[in-house]
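Q: Quick one: sequence plus predicted model below, questions after.
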Amino acid sequence: MKFLGSISKKAFAEQPESRAILLSTNIYNVPISDINGNSINLSEFRGKHILFVNVASKCGFTKQYKDLEKLYREYNEKLMVIGLPCNQFGSQEPGSSEEIKNFCEMNYGVSFIITEKIQVKGRNQHPLYQWLTQKRLNGKTNSTVRWNFQKYLVGPDGELIDFYYSTTNPMSSKITKNLA
């Protein structure tokens, strides 16, 4: 990997912000692992929309897993849904990776990708969420993740289309109009 200007290898390794700056030109370069610890190569989804959703198992919006699964099954040729467990809002995702995986499978039959538990805001914000929430990285808009089940839709060419607050149902026409 090439390192830019004054950003050293050490800074890249130690500072999430430095990683995001280097990776900002392309969302497909952002590293993330699935709930089993295996690397996800986001470039495998080039040509499809990707809906990123920070999820939690003990939230009032948890029932949206059902509609996320419905959305994924209905549009899976055009769409990848990726759920990102996060415990930053009311400690509503306290479980281990195994507990989260079992909860999603047993209660909602989730077949879309669930990632490792991450932070979506603050000092240790994951580089993916730095890209999703910062205009200087995504080229579209700044946003703040307000609660669990906030959604970010990325287009087939890796451009941020829009974001949707928790109250927007995954099957909403606000989202599905982009998949037609």
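A: Done, it's in. This structure is a prediction, so every number in the text was calculated from the model and none was measured. Residues are numbered from 1 along each chain as shown.

Q: So residue 118 sits against residue 85, correct?
A: Yes - when contacts are counted by CB atoms under 8 Å, residue 118 is listed as touching residue 85 (7.3 Å). All C-beta atoms are positioned from the backbone trio N, CA, C, and that covers glycine.

Q: more crowded one of these two?
A: Comparing residue 118 with residue 85 by other CB atoms under 10 Å, the one with more neighbours is residue 85, at 25 against 19.

Q: one step back: what sits in contact with each of residue 118 and residue 85?
A: For the pair residue 118 and residue 85, residues contacting each of them under the criterion CB atoms under 8 Å, 6 or more residues apart in numbering are residue 54.

Q: can you list contacts of stretch 31-38?
A: Stretch 31-38 is contacted by residues 19, 23, 39-40, 42, 85, 97, 100-101, 113-116, 118, 126-128 when judged by CB under 8 Å, 6+ apart.

Q: Repeat the analysis, applying 10 Å as the threshold.
A: 19, 23, 39-42, 52, 82-85, 96-98, 100-101, 104, 113-118, 126-128 (CB atoms under 10 Å, 6 or more residues apart in numbering).

Q: Please enumerate the strands of the chain.
A: Shown for the chain, the strands assigned by DSSP state E span residues 32-33, 39-40, 49-55, 79-85, 113-114, 151-154, 160-164.

Q: would you turn those strands into JSON lines with distance to residue 142?
A: Rendered in JSON lines, the data for the strands of the chain read as follows (distance: least, CB to CB, whole Å):
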{"stretch": "strand 32-33", "distance to residue 142": "21"}
{"stretch": "strand 39-40", "distance to residue 142": "25"}
{"stretch": "strand 49-55", "distance to residue 142": "16"}
{"stretch": "strand 79-85", "distance to residue 142": "19"}
{"stretch": "strand 113-114", "distance to residue 142": "26"}
{"stretch": "strand 151-154", "distance to residue 142": "12"}
{"stretch": "strand 160-164", "distance to residue 142": "10"}
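
Q: So for residue 145, which of the ones you listed sits nearest?
A: In this view, those are compared for proximity to residue 145 by CB to CB, and strand 49-55 is the closest at 6.2 Å.

Q: Give me the helices and strands touching the closest one, please.
A: Identification of packing neighbours for strand 49-55 by 3 or more CB pairs under 10 Å, 6 or more residues apart in numbering; DSSP states H and E yields helix 64-75, strand 79-85, strand 113-114, helix 127-133, strand 151-154, strand 160-164.

Q: okay, those in a markdown table with mean pLDDT and distance to residue 171 next?
A: A markdown table is the format used below for these (pLDDT from 0 to 100; distance: least, CB to CB, whole Å):
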| stretch | mean pLDDT | distance to residue 171 |
| --- | --- | --- |
| helix 64-75 | 98 | 5 |
| strand 79-85 | 98 | 12 |
| strand 113-114 | 98 | 19 |
| helix 127-133 | 96 | 21 |
| strand 151-154 | 98 | 11 |
| strand 160-164 | 97 | 12 |
